[in-house]
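Novice: sequence below, structure please.
(chains A and B)
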Amino acid sequence: MLLIFVGGNIIAQNDETKEETKKMVDSLVKEAVAKQGYKPSKTQFMIRGYGHTGFAYTDTNGETESSFDGGTFAPIFLFKHNDRFMFESELEFELSDGELNIGFEYADAMYVINDYMTVRAGKFLLPFGTFMERLHPSWINRFTSKPLGFGHDGIAPGSGVGVELRGAFYIGNTKWNYSGYVTNGPTLKDGSEEPEEAGMLSFENLIDNNNSKAFGGRLGFFPLSDSSIEVGGSIYATDGTGEKGSDYEDVSAVLYAFDLSYVKQIAPISGIIDVKAQYNHSNVDRATYFDPEDGDTYSFDNQSQSYYVQLSYRPTMAGNDFVKNLELVGRYSELTTPEGAEWESQSSQYSVGLNYWLSWRSVIKISYESTEAEGGHGGPGITNIDTFSIHWAIGF
Amino acid sequence: MKTYKIISIIGIFAIIAIATISCSSTDGAYKNIDPESTVALKSGAQLWGENCVRCHITPAPSSYNSTDWETIGLHMKIRANLTAIEAEKIFEFLKSAN
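Specialist: Numbers count the residues shown, from 1 in each chain, chains lettered A, B, ... in the order given. Here you go, the predicted structure:
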């Protein structure tokens, strides 16, 4: 009897041990599978971007028009291959004049060489000043428009195809950042296709039109230890802009820019002050162009300049939630293009706006803008353009 | 002449790159930073407040998960020209607070 009792207990204990072991193994397997499932890989793919839509009412020398803006959608693709290597690209889909325009903003590969150096290659936003590289996306730009001198027919380059070296470092307690690049450079419009734009630079030089490259760079400096002020200087130069083999091949160009940023929360005024400014200057060699209207040639001193100054205030320390999300913003900009050119113009623009921030990346912008332009695309005489707009922009 | 100019400028870039790689290490972003310097004494939260706001409103840490912050961190480090120590502190703060 004793033997049967002891033997029975041993068999029962063995069954229990097997059951417990099985449960333990199952548990460990489940845990391992769960961990495996949630473990992030070093390779990551993200789609971010921004978009905006709105309404604009425009009065051009008394002729009015109003329209809802079909909107812009700008997806940004980020592919992180590892902690050092990344690919980024942005497309821009825009409805304009009843058509869908697709822009190829940038597509470049970036590699972090070390703590102080990163190399980029491909089509990238140029650090010529700060507006086009950092501030132009609609969810960052405080206005619905760009300042004079930027964007289409602008004198400042926005992007280029080439190679760039950039980075940032400290010297003592002061911070510096730098960028140096080589790109295909600009193309000089010689007037053969658009006589009214002869002498203008085009920066959409995806395939180089000659063997001259553009060399450029920017140096930024933060004089204060709280990084509230950044001043920067940029240069962009090439010794040839015209079509290879043409009379314009050796027409050189030197552009430079200065930029300023001041952002600081100031307790006595209960909010954040944000000042942005940039000055651009373009100097292209004098050349002779043909005027098909009178069959004669002409030349001019090909220098252009533009600048903008922007001030905004957000009462971030206000007690009321609605008030603290408001932002008052004002901007003034000017553009002067060469005297004697078919595209000679003198323009000035002021803009005022009231923004409401729905979140850190979503804003409703209500703005009024007045532009006075003499010459340029508006033809001879003075053109006054007043625009009232309301836009919603979101970054995602 | 232009070709020589291009080659010489690319050469200068290459020399600077090689010299910098040789003289610096990527093992530990804080290695070449004075521990008493202003940036070394600043917290990630402080650097987040000082740097992001230069272009846009500071993002909430909860906007993305830690994996996404790593991708965004690399993108913004390059775009905003953040130093290595700034990027490391800012994105460690965002990941720890999300």
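Novice: which residues of chain B score low on pLDDT?
Specialist: Applying pLDDT under 70 to chain B picks out residues B:1-33.
Novice: what does the stretch 51-200 of chain A put close to chain B?
Specialist: Neighbours of chain B within the stretch 51-200 of chain A, by Cβ under 8 Å from any Cβ of the partner chain: A:78, A:80, A:83, A:86, A:88, A:110, A:112-120, A:133-135, A:139-140, A:165-170, A:172-173, A:175, A:177, A:179-180, A:182. To be clear about C-beta, it is placed using only N, CA and C from the backbone, and glycine gets the same treatment.
Novice: give me the buried subset of those.
Specialist: Among these, those that count as buried by neighbour count (16 or more other Cβ atoms under 10 Å in any protein chain shown) are A:78, A:80, A:86, A:88, A:110, A:112-120, A:133-135, A:139-140, A:165-170, A:175, A:177, A:179-180, A:182.
Novice: just the residues of the stretch 51-200 of chain A next to chain B: which are in strands?
Specialist: The strands, defined by DSSP state E, take in A:78, A:80, A:86, A:88, A:110, A:112-114, A:117-120, A:165-170, A:175, A:177, A:179-180, A:182 from those.
Novice: in a helix, that's where residue B:47 is, yeah?
Specialist: Yes - the assignment for residue B:47 is a helix, going by DSSP: H, G, I helix; E, B strand; the rest coil.
Novice: residues near residue B:98, how many?
Specialist: Residues near residue B:98, counting by other Cβ atoms under 10 Å in any protein chain shown, number 14.
Novice: cool, and residue A:306?
Specialist: Number of residues near residue A:306 (other Cβ under 10 Å) recorded here: 23.
Novice: looks like it contacts residue A:333 (just checking).
Specialist: Yes - shown here, residue A:306 and residue A:333 form a contact pair, counting by Cβ atoms under 8 Å, at 6.8 Å.
Novice: give the residues shared as contacts by those two.
Specialist: Residues touching both residue A:306 and residue A:333 (Cβ atoms under 8 Å, 6 or more residues apart in numbering or on different chains) are A:147-149.
Novice: from those, pick the one nearest residue A:246.
Specialist: residue A:149 (27.1 Å; Cβ to Cβ).
Novice: quick check: the closest one vs residue A:228, distance?
Specialist: Distance, residue A:149 to residue A:228, by Cβ to Cβ, to the nearest Å: 26 Å.
Novice: who's more crowded, these two?
Specialist: With neighbours defined as other Cβ under 10 Å, residue A:149 and residue A:228 compare such that residue A:149 has more, 27 against 18.
Novice: give me the nearest residue to that one, chain neighbours excluded.
Specialist: residue A:306 (2.6 Å; Cβ to Cβ, 6 or more residues apart in numbering or on different chains).
Novice: so who does that neighbour touch?
Specialist: Counted by Cβ under 8 Å, 6+ apart, residue A:306 has contacts A:147-150, A:154-156, A:279-280, A:333-336.
Novice: surely residue A:268 is in a helix?
Specialist: Yes - using three-state DSSP, the assignment for residue A:268 is a helix.
Novice: centroid-nearest residue for chain A?
Specialist: residue A:133 (3.8 Å; Cα atoms, centre = their mean).
Novice: ok, that one touching residue A:120?
Specialist: No - using Cβ under 8 Å, residue A:133 is not in contact with residue A:120; the gap is 11.5 Å.
Novice: residue A:103 - how many residues pack around it?
Specialist: 12.
Novice: equivalent analysis for residue B:66, please.
Specialist: With other Cβ under 10 Å as criterion, residue B:66 counts 15.
Novice: my read: it touches residue B:98, true?
Specialist: Yes - counting by Cβ under 8 Å, residue B:66 does reach residue B:98; the two are 6.4 Å apart.
Novice: residues that sit against both of the two, list them.
Specialist: In contact with both residue B:66 and residue B:98: no residue, using Cβ under 8 Å, 6+ apart.
Novice: just the ones in strands from the contacts of residue A:306, please.
Specialist: Short answer: those in strands (DSSP E) are A:279-280, A:333-336.
Novice: from those, pick the one nearest residue A:28.
Specialist: After measuring those against residue A:28 - Cβ to Cβ - the closest member comes out as residue A:280, at 64.3 Å.
Novice: which strand or helix spans residue B:50?
Specialist: Per DSSP states H and E: residue B:50 is located in helix B:44-51.
Novice: buried sites along stretch B:46-62?
Specialist: B:47-57, B:59, B:61.
Novice: of these, which is the nearest to residue A:240?
Specialist: Nearest member of the buried residues of stretch B:46-62 to residue A:240, counting by Cβ to Cβ, is residue B:55, at 34.4 Å.
Novice: what's the closest non-adjacent residue to the closest one?
Specialist: Per Cβ to Cβ, 6+ apart, closest to residue B:55 is residue A:134, 4.9 Å.
Novice: how about residue A:101, what does it touch?
Specialist: Here residue A:101 is in contact with A:92-95 (Cβ under 8 Å, 6+ apart).
Novice: what about it, distance to chain B?
Specialist: 24 Å (Cβ to the nearest Cβ, to the nearest Å).
Novice: hey, what's that residue bridged with?
Specialist: residue A:94 (DSSP bridges).
Novice: which SS class is residue A:264?
Specialist: strand.
Novice: who's it bridged to?
Specialist: residue A:273.
Novice: what does the stretch 251-396 of chain A have sitting close to chain B?
Specialist: A:261, A:263, A:272, A:274, A:357, A:360-361, A:395.
Novice: closest one to residue B:36 out of the contacts of residue A:101, please.
Specialist: Using Cβ to Cβ, residue A:92 comes nearest to residue B:36 of the contacts of residue A:101, at 46.2 Å.
Novice: pull up the per-residue confidence for residue A:351.
Specialist: Looking at residue A:351, its pLDDT stands at 98.
Novice: mind telling me what element it is part of?
Specialist: Applying DSSP H and E, one finds residue A:351 within strand A:345-359.
Novice: ok, back up a step: hang on, isn't the residue nearest to residue B:55 packed against residue B:76?
Specialist: No - using Cβ under 8 Å, residue A:134 makes no contact with residue B:76, being 10.7 Å away.
Novice: what residues are bridge-paired with the nearest residue to residue A:232 once chain neighbours are set aside?
Specialist: Spatial nearest neighbour of residue A:232, excluding adjacent residues (Cβ to Cβ, 6+ apart): residue A:220 at 4.1 Å. Beta-bridge pairing for residue A:220 (DSSP bridges): residue A:177, residue A:232.
Novice: would you map the helices across chain B?
Specialist: B:2-23, B:38-41, B:44-51, B:66-79, B:84-97 (DSSP state H).
Novice: need the contact partners of the helix or strand where residue A:323 lies.
Specialist: Element membership for residue A:323 (DSSP H and E) is helix A:321-324. Helix A:321-324 is contacted from outside by A:314-318, using Cβ under 8 Å, 6+ apart.
Novice: that helix: which residues count as buried?
Specialist: residue A:324.
Novice: same check, this time on stretch A:302-321
Specialist: Quick answer for stretch A:302-321 (16+ other Cβ under 10 Å): A:302-316.
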